[in-house]
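> Sequence and computational prediction follow.
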Amino acid sequence: MLWYLLYPFRGTTELPKLAPTHPLQTAFSRYAKWAARHVQTVLPLSTAVIFMFLYLFPFLYTTDATNITSGVSNLPHHVWTDAQPLGDGSAVEPDVIMRSIWVHGSYMKALERDVLLGALELQDELLGPTTNFNPRQPANRPEIAETEVVGDLSPRQRDAYHIINGLTNQSWFFHSPLQYWSGSAENIRNDQDILETVNARKTQSTSVNVTLRHSIVFSGKRFEERRLVAADALVITLIHLRDSPVARRWVERAEKLARERSDTWKIIPEDGKSTTDQLYEFQFRPLSWSDMALLTLAYSISFLYLLLHLTKLRALKSRLGLMVSIVVQITASIVSSFTVCAIFKIDLSRVPSYAYPLVVLAISLENSLRLINAVIMTSSTISNSDRIGEAFGSTAHIAIANRAQNLLILWGLSQITFPGVAAFCTFVAIATVFDFIYLSTFILSVLSVDVRQKELVELEKAFLSRTKSSEKDKLKSPWMEIVSQLRVGETAVSTRIAGTIVVICFVLTAQSHYATEGSRQWANQIFSLPWNRTVRSAPKPSLLIDIHQARSPTSWLRLQDHETAREVINVVKPWAHSYVARVYDPIVFVLKGSDRVPRTREPMFLPAMYDFIHHEIPQFIVLLMMVVAAILLGTKYLLRDEYEDGGGSEHPDDEPLLSVKSLSKGHKLDVVMMAASPGGQLVSVGLDRAIQVWDVPIGSRKRVPSDPECPLENPFPVLSMAIDHGSKWLALVSWQRVFLWNLEEQQWAGTRDIDLGGHKPEAVFFCHKAADTTPTLVLVKRNGMGLEMELEVDESRDFSICKTPLVWAVTFPDKSHAYNNHQPPIAILTASRKSCVHLVRQQDNEWLSTELNFGEREAKDVHCLLPIPALSAYLIGRSRSVDLVDLESSTILHTFPTEVMQPRTLKHIPLMRAHQSNLTSLTLSYVSSETGDLVIQTYLPEKEDGILMSYSPVESRRGGHRRLGELTERKRRIANPGVWEALPSGNILGVRRKRAPARPRSISNTSLGNGLRRRGAGSQQANGHTPDPAPPPRWESWVMNHPESSGEFETRLLDDPDRPDEPHNRNHLMISEVGPMVKFGTMSVAVALGNVVKVVSVGHEHFDLFSDGFGLGGAEPKPNLASRRKKVGLRASTANAALRPIT
């Protein structure tokens, strides 16, 4: 709601986004990173805090009506209860009248024997003899005529008017602590343990079934171990109707006592007349069916909302765990707030217990789900702690602002609502604070553990498989599509004001339950505003002088619990849920000679809290240690892989983002060609006529043998090469032959003669047409023809693509149609010298080429094509623009203007929402022809959680029209980019020559020949002196991390002179330029540095044999299953392993 109120100033209702360098976001990110790296510390500590409040809760609350006043708090029930004063202008006729006397001895010593005996004398004077009081009369008793009631009442006459004998306008009843001893002075004198009697008989009932609870017969109580140990006043209360003769006797005798007993008692007021009164309304209103229905509906919507949002999480196995964690967080916040309220004696019993969790649930869900979604939306290429830090840093300020807004609203509502509702507002405010504490500790730790789980890759694949199969059966009805979009989170249903609306609406509803029944001014009575004070007002100030009462009469009235209210209602108005009483200020009797000066300070907290400290601490500490130990063991079990690898979660904050591994000793001369497979195999070809196959996950290297004397085993010169998806076949293309090498059996599998027409092929790839079958090899020639070869038999067939020579060819998985295989079919996009574009697809074991027509858009300046398979679209790179084109209809969806770009330098990063074909951002990167800088243009939706474009194969077959949504552009530049690649993980990774600082030129008598590269050791001058040579070139890797969001930039030297003992710093040739670079997995590149191959990774790379491929647009980033800071050992038996040096 805050952001809607700020709309006139901000011009938008969208949530604010802080810059990555903003101090707040930096602070929150640093804290979250620390918490994620110290899970085994934060999670047990937060659990210990939760356990502490959960353990305290049952000691501070009770639902037993007999223990309500035993120093513990009253747990809310299913009723609305309160004791509210009515204003002077109220026309409400009271149902009963309440008069009382308070009898004091010394301070907090009202239970001394002489005070009890003196109070009994006063009681008998006011009411007549009350020893063994039993007012029940026979049913056939004669009626007492009013003429008989002359002067003082006899006990028979008094008892006849008792309410137990029938409810009339003359009825009365009373309750007194002296009824514990049956009103007998002899019983009091003979009682050896008065405190034991008082505590044992706290459940005793009067003749009208009103329980003599300590709360109604004593004032100013002190408890220890849930037992009353002291009281400040004895309270004797007369409750009567309007015309009660007993009340008249009470008033007369009180005035007489003031005159005759002034030598024994100090009486306030001195004349014994209580002239000040106040109307009070006592309520005991059970939840109505409408209340129950509305609350049940609200709870159902909240849990349904939680379930619907959790269905779109990628962590399938942990959905239940995350849901349980959120429920634990909310429950802990509620219980913690109850505990704090009990400790500080905040009465929460006036609002039904069924209502308390609802408001906290509504407030908490929004922020918890926002944090979870933010973690999911972060790039999986960065470390786990960085993901948590980035997500928390981008959402914490919003969570704090929302809570500050709700706290301000709750404070304002508490100032204008009834005390019961104000206490509810206090409870919600405390729960809101605890909710943020647990969000930033407990939930943060759980998320950190969750993103570490290594089984998420397999779960993600299973989810994607089910998603693809379900798309085939998707219903066509529009309303079902809307429901489906809502389920997966596509519909922009804003919940940012849901929590605030629930808070305000519930407070209004609760306040309405305390409005006067039948009033025509119900709307004006919702709040106790100053202009409404004629209806409800604060109680009048008492005329009692200060005698250091432990509790005032007004506060004593408010302490009357709901059970007492229910019992009194059953007596005086059994058909109603409330009654109005005219309450007169008590007449106070203080025994003369008493010391009313407090000698001890009254306890600040609830007595049960002190009992807990004195008696439960040892047991609590033992259980707490057991819980913390169990959480530690559970955390270590969940993070067992990190501990087994010698890592753990605590790492230095300055660990670099980039990691560099070297593949050395495989070549003696420069590496000039490389190819990579999804499973982590890398093939390199060097000028030394060596072909090496590096199995990076298991750390092995094998050479492909070649024999210059045998033409069928001599693939040189190698023009192109390709590895199949399963890392079984390697194809090496030379001018006249294609050589096949079986990577599993380590032997030549045959050759095929080909005619390339004197040009290198534009594309070479393997094509799997069905699962568990041998693939075919496809070559796309420069002359516009294609060639497909069978590997099992010596067969090949040509197919036509374009009539003009090709300048570009790229393959991609065709996801635009439903497919039954484990992999989608391969399609080809080509561009010719005349800028015509062709799409080549497989149909019935044939390759069919279709020329694409773009309407009025002129086909020229086309130098590259970049497919986005998950979106069924592709990009056309031109000299000054990039077109986004729909694959099926060839409709240009959008044209992105660019600077003048160097041909064939365009690369892209299309980031999709998890498990959905929804484009959330698009990054275009290219080299500017004018400056040579790398230009990075990122396009984002205008709304924070919006999308640029969505896609469904069902919509495509129906011919649905798509368009790009409203977008914003961010542009960045990198000078001296060198060689670089845009990775599927969402990062841009490159290698460049590090610029050396300027140095003075040295004049040498001997010059080196132009064009020669110095390889290895330098030469000496003829005179034997070594000149001051130019320093060797230094090479550094760089990464632009998350160009769509933070855009963090980091560099790392490939050769570190301070660490000469590392393998990657030895035995490599000196070079003047970087060799070829290929994408390697989703987070790495392999780049040739002379005769050494460097594998540069953003974090730790993990290889997946079943991925869509690498470098293919639209592939979702795979999760980072291990921290980039983790020390990884050898795992030769698995396909998922981190990079290690290979020599």
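All right, it came through fine.
> okay, stretch 585-604 in CSV with CA atoms only?
Provided in CSV are the C-alpha atoms of stretch 585-604 (Å, rounded to 0.1, in the frame of the first residue of the first chain):
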residue,chain,number,x,y,z
ASP,A,585,-16.6,3.1,42.8
PRO,A,586,-15.7,0.8,45.7
ILE,A,587,-15.8,1.9,49.3
VAL,A,588,-12.3,1.3,50.6
PHE,A,589,-11.7,0.1,54.2
VAL,A,590,-8.1,0.3,55.4
LEU,A,591,-7.3,-1.3,58.8
LYS,A,592,-5.9,1.4,61.0
GLY,A,593,-2.3,0.8,62.0
SER,A,594,-1.5,-0.8,58.6
ASP,A,595,1.6,0.1,56.7
ARG,A,596,0.6,1.0,53.2
VAL,A,597,4.1,1.9,51.9
PRO,A,598,5.3,-0.7,49.4
ARG,A,599,8.5,-2.3,50.7
THR,A,600,9.2,-4.4,47.6
ARG,A,601,8.9,-3.4,43.9
GLU,A,602,6.2,-5.1,42.1
PRO,A,603,7.5,-7.6,39.4
MET,A,604,7.7,-6.2,35.9
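> now that stretch, how far from the chain's geometric center?
53 Å (CA atoms, centre = their mean, to the nearest Å).
> any idea of the mean pLDDT in it?
Here stretch 585-604 scores 83 as its mean pLDDT.
> who's in contact with it?
Here stretch 585-604 makes contact (CB atoms under 8 Å, 6 or more residues apart in numbering) with 99-109, 114-115, 118-119, 122, 222, 233, 235, 254, 263-269, 272, 274, 276-277, 542-544, 547-548, 550, 553, 610. Heads up, the C-betas are built off the backbone N, CA and C, glycines and all.
> helix, strand or coil for residue 267?
Secondary structure state of residue 267, per DSSP: H, G, I helix; E, B strand; the rest coil, is strand.
> One more: residue 769?
Residue 769 - assigned by three-state DSSP - is coil.
> Next: residue 329.
helix.
> Touching, it and residue 435? I think so.
Yes. Between residue 329 and residue 435 there is a contact under CB atoms under 8 Å: 6.9 Å.
> Need the overlap of contacts for these two.
residue 364.
> the strands in the stretch 351-500 of the chain, which residues?
Assigned by DSSP state E, counting those that start in this stretch, the strands in the stretch 351-500 of the chain number zero.
> low pLDDT regions in it?
379-383, 452-500 (pLDDT under 70).
> those helices in it, which residues are they?
Applying DSSP state H, counting those that start in this stretch to the stretch 351-500 of the chain gives helices spanning 356-377, 384-416, 419-438, 444-450, 456-472, 478-487, 498-512.
> roughly how far is the third one from the heart of the chain?
Helix 419-438 sits 20 Å away from the centroid of its parent chain (CA atoms, centre = their mean).
> And that helix, what does it pack against?
Applying 3 or more CB pairs under 8 Å, 6 or more residues apart in numbering; DSSP states H and E, we find helix 419-438 packed against helix 39-60, strand 79-86, helix 319-343, helix 356-377, helix 384-416, helix 498-512.
> Could you export the ones you listed as CSV, including distance to residue 628 and mean neighbour count?
Below are those laid out as CSV (distance: least, CB to CB, whole Å; neighbours: other CB atoms under 10 Å):
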stretch, distance to residue 628, mean neighbour count
helix 39-60, 5, 19
strand 79-86, 39, 23
helix 319-343, 15, 20
helix 356-377, 24, 22
helix 384-416, 22, 21
helix 498-512, 32, 19
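> Now render these as TSV, adding distance to residue 831.
TSV is the format used below for the helices and strands packed on helix 419-438 (distance: least, CB to CB, whole Å):
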stretch	distance to residue 831
helix 39-60	51
strand 79-86	75
helix 319-343	45
helix 356-377	34
helix 384-416	38
helix 498-512	51
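> Which one, of those, ends up nearest to residue 200?
Closest approach to residue 200 among those (CB to CB): helix 39-60, 22.1 Å.
> and the closest one with helix 384-416, angle?
Following axes from the mean of the first three to the mean of the last three CA atoms, to 10 degrees, one obtains 30 degrees for the angle between helix 39-60 and helix 384-416.
> mean confidence score for helix 39-60?
88.
> Ok, stretch 827-845 next?
So the average pLDDT for stretch 827-845 ends up being 89.
> Pull out the buried residues from it.
Neighbour-count burial for stretch 827-845, counted by 16 or more other CB atoms under 10 Å, picks out 827-832, 835-842.
> For residue 172, give me its contacts.
Residue 172 neighbours (CB under 8 Å, 6+ apart): 161-163, 238-241, 244, 246-247.
> What sits closest to residue 119 if chain neighbours are left out?
In this structure, residue 119 finds its nearest non-sequential neighbour in residue 103, 4.1 Å apart by CB to CB, 6 or more residues apart in numbering.
> Make sure that neighbour is indeed in a strand.
Yes. Counting by three-state DSSP, residue 103 is found in a strand.
> All the strands of the stretch 951-1100 of the chain, in order from the start?
967-974, 979-982, 988-994, 1034-1041, 1048-1053, 1077-1080, 1084-1089, 1092-1098.
> Does anything pack onto the last one? Which helices or strands?
Using 3+ CB pairs under 8 Å, 6+ apart as the contact definition, the elements that strand 1092-1098 packs against are strand 658-663, strand 671-676, strand 681-686, strand 988-994, strand 1034-1041, strand 1084-1089.
> Describe which strands it pairs with in its sheet and in which direction.
If you go by DSSP bridges, strand 1092-1098 pairs up with strand 658-663 (antiparallel), strand 1084-1089 (antiparallel).
> can you tell which of the ones you listed is closest to residue 1039?
strand 658-663 (5.7 Å).
> tell me the mean pLDDT over the closest one?
86.
> Hey, what's the angle from that strand to strand 681-686? Just curious.
Going by the same axes, to 10 degrees, strand 658-663 makes 60 degrees with strand 681-686.
> For strand 658-663, C-alpha coordinates in CSV please.
Backbone C-alpha positions of strand 658-663 (Å, rounded to 0.1, in the frame of the first residue of the first chain) are rendered in CSV as follows:
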residue,chain,number,x,y,z
LEU,A,658,36.6,-16.7,-11.8
SER,A,659,38.5,-19.9,-11.7
VAL,A,660,41.2,-21.0,-14.2
LYS,A,661,42.3,-24.5,-14.9
SER,A,662,45.0,-25.6,-17.3
LEU,A,663,45.1,-28.5,-19.8
